[in-house]
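what follows is a predicted structure for the sequence shown.
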Amino acid sequence: MRNELVIVLDFGGQYNQLVARRVRECNVYCEIYSYNMDIEKIKELNPKGIILTGGPNSCYETDSPTYSRELFELGIPVLGLCYGAQLMMHVLGGKVERAKVREYGKTEVSISKADSEIFTGVNTPTVCWMSHFDYISQVAPGFEVTAFTADCPVAAAENKDNSLYAVQFHPEVLHTVEGTKMINNFVKDICGCAGDWKMDAFVEETIQSIRKKVGKGKVLCALSGGVDSSVAAVLLSKAVGAQLTCVFVDHGLLRKNEGDEVEAVFGSDGLYDLNFIRVNAQDRFYQKLAGIAEPEEKRKIIGEEFIRVFEEEARKIGTVDFLVQGTIYPDVVESGLGGESAVIKSHHNVGGLPDYVDFKEIIEPLRDLFKDEVRKAGLELGIPEKLVFRQPFPGPGLGIRIIGEVTEEKVRIVQDADAIYREEMDAAGMGKSIGQYFAALTNMRSVGVMGDERTYDYAVALRAVSTVDFMTAESAEVPWEVLHRVTSRIVNEVNHVNRVMYDLTGKPPGTIEFE
Ligand code: XMP
C-alpha cells in the first residue's frame with residue numbers, strides 16, 4: 001500500500017496540511033515530516049517525491065530552517081513551494097533577496113517555458129496565490145526560469161535533468177486556480193506515481209493488518225457516536241468481530257435521541273458484530289455538575305467523570321489486549337509528532353488517555369487519514385450517511401451549550417430547541433451546507449406574554465457558522481423565513497422558552513460554542 005509515498009517537509013508554513021491533502025486528492029499517499037528529519041530516514045522511506053512547504057522565515061538568515069544540499073542530490077524529484085522554492089535556490093547557489101514590496105494575494109503568473117512538465121495543461125497567464133516578501137533574484141546554476149509575474153522575475157524555475165522544481169506561489173491553496181493540476185503533474189508525471197492510493201484498498205488492508213495484529217486478543221473502544229470513533233469501531237468490528245467491545249457512555253448531554261440512535265446502529269440489534277455496552281450515566285453527570293457555572297470547570301468535570309465511568313466498565317471486562325483510539329492525521333500533526341507548525345487545541349481533547357485501563361497496546365486505525373478521508377472510509381464501510389456526515393459535536397456536549405449551571409430541565413429545553421432547529425434546517429435543504437449549527441441556552445430570563453399570561457422564561461440562542469477549519473468562522477446566512485419558522489416553533493413547542501435570538505458574531509471575536 002505504501003510503495004508510493006510522497007513526503008512533505010514542513011518549514012513552518014500555514015498550509016502544510018493542505019499540501020498533503022492535495023497530494024492525496026491525486027490518490028497518492030503522502031505524509032508530513034518536520035524539516036529536521038534526518039536524511040537517512042528519508043532514504044529509508046524512499047519516497048517517490050519530496051515537497052518543501054512555505055514558511056515564515058528568510059532563508060538567508062543564519063538560524064532559519066534549512067536542509068543540506070544532499071536532499072537535492074538523492075535523485076528523488078523535489079518541488080519547493082514559496083519558502084521551499086527560495087531555500088532550494090539558496091542552498092544550490094542561487095540568490096534570494098528581500099523585495100521592496102510584498103507580493104500578496106491572487107496574482108497573474110505567465111508561463112515562459114511552454115513545455116515545462118509542471119505546467120502541462122496549465123493556461124498562461126494563470127492566477128496563483130502569492131504570499132512573500134523575499135524573492136528569488138537569481139536562480140541556482142542548472143536552473144531555468146519557467147514563469148514570472150509583473151513584480152517577480154522568478155515565479156517558477158526548474159532543473160529538469162535533476163527533477164528539481166521551484167514555484168514561488170502556493171499551488172495547494174484553492175485560489176491558485178490550476179494548482180491541483182500542477183501538483184498532479186508533479187506527483188504523476190515527474191515523480192511517476194501511478195495514483196493508486198484509494199479508500200477501498202486502505203479499508204481492506206487496514207482490516208487485514210488489524211486482524212493480524214490482534215490475533216485472538218480482546219479489544220476495547222470508547223465509542224462516542226462521532227465520526228472518528230464510529231469509523232474506528234466499524235473497522236475493528238469488520239476485522240475481529242465480537243473480540244471488540246465498545247463502551248458508549250451516555251452522559252445525558254447528547255442531542256435529542258442521539259443515545260438511542262447510536263444504540264440502534266451499534267447495539268445488539270444494530271448493524272455490526274461487536275459487544276456494545278451503553279452506560280446510562282446521566283444522573284451521575286447531572287449530580288456532579290449541580291451548582292457549577294464556570295465553563296472550564298464544567299469541561300473538566302465532564303471529562304473526568306467520563307473517564308471514571310469508562311474505567312469502571314473497563315474493569316468489569318478485565319484485562320484487554322488493545323485499546324482503540326480514533327486519532328486522525330491532523331491530531332498527529334497538531335500534537336507536533338508530524339510537521340513543524342504545531343498548534344495544540346488542548347481543550348478539544350478533554351479527558352486524555354485512560355491510562356488506568358489495563359491494556360497492552362493502542363490501535364489507531366485512522367492515524368494516517370484526514371477528516372474527509374475518514375468520511376470516505378466510513379462510506380466505504382457502509383456506515384449510514386447520517387452518521388458519516390455528522391457535524392462536529394463537542395466532547396462535553398450540551399454542557400457547554402448551556403450557559404451557567406446545567407440542570408436536567410435545561411438539558412431538555414436545549415435538546416428540544418435544537419431538534420426543532422435541525423429539523424427545519426433539513427426541511428429547508430440547508431442541513432448539509434452549513435459547517436456547524438445548533439441551539440444553545442442562554443442563562444437569560446426575560447418577561448414575555450403568552451395567552452394573556454405574563455411569562456418569565458429563558459432565551460434560546462441559535463448559531464450557524466460557515467467555516468473551513470473551525471479555527472475561524474463567520475455566521476452563516478440563514479434565510480429569514482427559516483429563522484422565523486424555527487423561532488415560532490421553539491416558543492410554541494418548548495416549555496420555558498419565550499425568546500429566540502440569532503447569533504451573528506464571527507470567530508474571532510466569538511467562539512463557535514458558547515462556552
Ligand atoms: P470553538 O468553540 O473553540 O470550537 O470555536 C471550535 C470547534 O471545536 C469544537 N469544540 C470542542 N470539541 N471538546 C471537543 O471535543 C471541547 O471541549 C470543544 N470545544 C469546542 C466545537 O464544537 C467546534 O467544532
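Okay, I see it.

and the closest residue in space to residue 449 that isn't next to it in sequence, what does it touch?
Leaving aside its sequence neighbours, residue 449 sits nearest to residue 455 (CB to CB, 6 or more residues apart in numbering; 6.6 Å). All C-beta spots, glycine's among them, are computed from the backbone N, C-alpha and C. Applying CB atoms under 8 Å, 6 or more residues apart in numbering, one finds that residue 455 lies in contact with 447-449, 498.

state the distance from residue 455 to the ligand.
To the ligand, residue 455 is 30 Å away according to CB to the nearest ligand atom, to the nearest Å.

so what pairs up with that residue in the strands?
For residue 455, the beta-bridge partners are residue 448 (DSSP bridges).

ok, residue 106 next?
With DSSP bridges as the rule, residue 106 is bridged to residue 129.

give me the neighbour count for it.
13 (other CB atoms under 10 Å).

now residue 156, nearest residue through space, not along the chain?
Computed as CB to CB, 6+ apart, the closest residue to residue 156 that is not its neighbour in sequence is residue 147, at 3.8 Å.

what does residue 135 give?
Counting by CB to CB, 6+ apart, residue 135 lies nearest to residue 99, which is 4.6 Å off, once chain neighbours are set aside.

cool, and residue 398?
Nearest to residue 398 is residue 253, by CB to CB, 6+ apart, at 4.3 Å.

so the one you found touches residue 393, yeah?
No. The criterion here is CB atoms under 8 Å, and residue 253 misses it with residue 393 at 9.8 Å.

so what does residue 309 look like in phi/psi?
phi -60, psi -40 (degrees, to the nearest 10).

actually residue 438, not the one I typed
Dihedral angles (degrees, to the nearest 10) for residue 438: phi -170, psi 170.

distance of it relative to residue 266?
23 Å (CB to CB, to the nearest Å).

now stretch 265-275, how far from the chain's geometric center?
27 Å (CA atoms, centre = their mean, to the nearest Å).

likewise for stretch 63-73?
With CA atoms, centre = their mean, you get 30 Å for stretch 63-73.

just the terminal-to-terminal distance for it.
23 Å (CA to CA, to the nearest Å).

what does stretch 166-182 give?
12 Å.

pLDDT of that stretch, averaged?
Mean per-residue pLDDT for stretch 166-182: 95.

residues of that stretch that come out buried?
166-173, 176, 178-182 (16 or more other CB atoms under 10 Å).

narrow those residues to those in helices?
Within these, residues falling in helices by DSSP state H are 179-182.

want to throw those residues into JSON lines with distance to the ligand?
JSON lines is the format used below for those (distance: CB to the nearest ligand atom, whole Å):
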{"residue": "179", "distance to the ligand": "27"}
{"residue": "180", "distance to the ligand": "27"}
{"residue": "181", "distance to the ligand": "32"}
{"residue": "182", "distance to the ligand": "32"}
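
circling back: tell me which of residue 438 and residue 266 has more neighbours.
residue 266 (26 against 23).

shouldn't the more buried one be in contact with residue 223?
Yes. Here residue 266 reaches residue 223: they are 6.4 Å apart, a contact under CB under 8 Å.

overlap in contacts of the two?
230, 233, 246, 248, 276.

sec struct for the second one, please.
The three-state label for residue 233, taken from DSSP: H, G, I helix; E, B strand; the rest coil, comes out as helix.

the ligand contacts on the stretch 151-300 of the chain?
residue 299 (CB under 6 Å from any ligand atom).

mind listing the strands for the stretch 151-300 of the chain?
According to DSSP state E, counting those that start in this stretch, the stretch 151-300 of the chain carries its strands in the segments 156-159, 164-167, 219-222, 244-250, 275-280.

okay, those strands, which one's buried deepest?
strand 164-167 (a mean of 28; mean count of other CB atoms under 10 Å).

sec struct for residue 47, please.
Look at residue 47: counting by three-state DSSP, its state is coil.

could you check how far the residue of the stretch 151-300 of the chain at minimum distance from the ligand is from residue 395?
Nearest residue of the stretch 151-300 of the chain to the ligand: residue 299, at 5.4 Å (CB to the nearest ligand atom). Distance check for residue 299 against residue 395: by CB to CB, it reads 8 Å.

so what touches stretch 413-430?
255-257, 398, 401-402, 431, 434, 437-441, 458, 460, 462, 464, 478-479, 482, 485-486, 489-490, 493-497, 500.

mind redoing it with 7 Å?
255-256, 398, 401-402, 431, 437-441, 458, 460, 462, 478-479, 482, 485-486, 489-490, 493-494, 496-497 (CB atoms under 7 Å, 6 or more residues apart in numbering).

same check, this time on stretch 365-373
Residues contacting stretch 365-373 (CB under 7 Å, 6+ apart): 21, 24, 199, 206, 210, 228, 231-232, 235, 326-330, 332, 374, 377.

just give me the residue right at the centre of the chain.
By CA atoms, centre = their mean, the chain has its centre lying nearest to residue 371, at 4.9 Å.

and the gap between the residue nearest to residue 167 when sequence neighbours are not counted and residue 328?
Spatial nearest neighbour of residue 167, excluding adjacent residues (CB to CB, 6+ apart): residue 156 at 4.5 Å. Shown here: residue 156 relative to residue 328, a distance of 33 Å by CB to CB.

same question, residue 465
With distances taken as CB to CB, residue 465 is found 21 Å from residue 328.

returning to that earlier point: redo the shared contacts of residue 266 and residue 223 as a markdown table? Include pLDDT.
Output for these, formatted as a markdown table (pLDDT from 0 to 100):
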| residue | pLDDT |
| --- | --- |
| 230 | 96 |
| 233 | 97 |
| 246 | 97 |
| 248 | 97 |
| 276 | 98 |
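
residue of the stretch 1-150 of the chain closest to the ligand, please.
Counting by CB to the nearest ligand atom, the stretch 1-150 of the chain gets nearest the ligand through residue 17, at 16.2 Å.

now do whichever strand or helix holds that residue, average pLDDT.
Assigning secondary structure by DSSP states H and E places residue 17 in helix 16-25. Confidence for helix 16-25, expressed as mean pLDDT, is 91.

helices or strands up against it?
Secondary-structure packing of helix 16-25 (3 or more CB pairs under 7 Å, 6 or more residues apart in numbering; DSSP states H and E): strand 5-10, strand 29-34, helix 179-184.

check those for me and report the most buried one.
Mean neighbour counts for these (mean count of other CB under 10 Å) peak at strand 5-10, with a mean of 26.

avg pLDDT for that strand?
96.

low-confidence stretches in the stretch 1-150 of the chain?
Applying pLDDT under 70 to the stretch 1-150 of the chain flags the ranges 1-3.

and the helices in it, which stretches?
16-25, 39-45, 83-91 (DSSP state H, counting those that start in this stretch).

pick the most deeply packed of these.
Using mean count of other CB under 10 Å, helix 83-91 ranks as the most buried of these, with a mean of 26.

tell me what that one is packed against?
Judged by 3+ CB pairs under 7 Å, 6+ apart, the packing partners of helix 83-91 are strand 49-52, strand 78-81, strand 95-111, strand 126-138, strand 164-167.

looking at the residue sitting furthest away from the middle of the chain now. What's its pLDDT?
The C-alpha centroid of the chain is most remote from residue 452, which lies 50.2 Å away (CA atoms, centre = their mean). pLDDT for residue 452: 89.

same check, this time on residue 468
Residue 468 carries a pLDDT value of 77.

for residue 69, see how far away it is.
37 Å.

how about residue 256?
Noted for residue 256: a distance of 61 Å to residue 69, by CB to CB.

with residue 409 instead?
Relative to residue 69, residue 409 is positioned 68 Å away (CB to CB).

equivalent analysis for residue 156, please.
21 Å.

remind me which residues of the stretch 301-450 of the chain are low pLDDT?
Ranges of the stretch 301-450 of the chain meeting pLDDT under 70: 334-357.

one more time with 50, if that's ok
337-352 (pLDDT under 50).

thanks again, I'm all set now.
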